[in-house]
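# Need coordinates for the below:
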Amino acid sequence: MAGKRVRKAVLPVAGLGTRVLPGAKTTPKNLLNVVDRPILSYVVEEARAAGIEHFVFIVGRGQGAIEDYFDSIPEIENALEAKGKVDILADVRRDLPKQAGEMSFIRQMAPLGLGHAVWCARDVIGDEPFAVMLPDMLMAATPPALAQAVAAYDRTGGNIVVVEPAPEGETHKYGIVALDGQDGRLNRMTGMVEKPPLGTEPSNLFISGRYILQPDIFEILETQPRGAGGEIQLTDGMATLMKRQDFHALEYEGTTYDCGDKIGLLRANVAFALARPDLADDARAAIKALL
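Sure thing, here's the model as predicted:
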């Protein structure tokens, strides 16, 4: 039922990372490590596995390190090559653009919210459906979370919002979706409620950081008034678009780690280390020793 293929992804990375200060003071929060790779490395890998061909990074002031990370550093690469360290060299090169023009970097001139960050990508996205990936949310899943969303989009068309169950008693902390019935993992949405009071939530499923949206959202975001926190909210724009187009919620299969939170980042480091065949035994021994 889908029309055009999802080829592009918007990654809003301009946030200040206040929840992980002081670590994010000089290092953009999405370049903080999970084991031995930046958070963004995992997100780009997830996107490529879903067929994404063009990445649009929305960056802020002082975040040139993000663009530098996705560029060659001949001094490092030449030194590794000269020393025959081919495995490390391959790791260093794994995230580089596969071809010229695969990555675009757009400056968000002011921190006006997620909706504004997405709107900044309008000229690069053009008239195509596109993915939005919140890099704070690191998702461990097989197949990868965005690939699950693209498969759902290929079935339904329209717009897809990836969701997952909120911890018991904590629906009031999240954006919760309302569904037109619940049968399996993919269901039509009828609305979204931001942080509903306990007992009023329309479901237990919260929006967890992956979206596939139609380009019509840009026209809405352009004139949308500021919402919660004085910012242009993406959820407000989606609620308006939902009056015109279908939205489906996909309860993906996997585990989410909120790497914008200190404990979430710690959990991600432990989980991803334990999932690594080359590190799992040593990581498990180190954790046991600490406990």
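# ok, which stretches of the stretch 51-200 of the chain are helices?
64-69, 74-82, 86-93, 114-119, 122-125, 145-156 (DSSP state H, counting those that start in this stretch).
# Show me what the mean pLDDT comes to for the second one.
To tie it back to what came earlier, the one meant is helix 74-82. Helix 74-82 comes out with an average pLDDT of 89.
# Of all the residues in it, which ones are buried?
Neighbour counts using 16 or more other C-beta atoms under 10 Å place L80 of helix 74-82 among the buried residues. (Glycine included, C-beta is placed from N, CA and C.)
# now it against helix 86-93, angle please.
160 degrees (axes from the mean of the first three to the mean of the last three C-alpha atoms, to 10 degrees).
# What are the contacting residues of helix 74-82?
The contact list for helix 74-82 (C-beta atoms under 8 Å, 6 or more residues apart in numbering) reads 86, 88-89, 92-93.
# Scan those and report the most crowded one.
Counting neighbours by other C-beta atoms under 10 Å, L89 comes out on top of the contacts of helix 74-82 with 17 neighbours.
# Contact partners for it?
77, 80-81.
# ok, so of those, who is nearest G227?
E77 (45.5 Å; C-beta to C-beta).
# Neighbours of K29, how many?
25.
# Look up the closest residue to it, ignoring the ones flanking it.
Spatial nearest neighbour of K29, chain neighbours left out: G17 (3.0 Å); criterion: C-beta to C-beta, 6 or more residues apart in numbering.
# Tell me if I'm right that that neighbour and I39 touch.
No. With contacts counted by C-beta atoms under 8 Å, G17 stays clear of I39, the gap being 10.5 Å.
# And the two? Which one has more around it.
Counted by other C-beta under 10 Å, G17 and I39 do not tie: I39 has more neighbours, with 24 against 20.
# Ok, which of the helices of the stretch 51-200 of the chain comes nearest I106?
Short answer: helix 122-125, nearest of the helices of the stretch 51-200 of the chain by C-beta to C-beta, at 7.0 Å.
# All good on my end, thank you.
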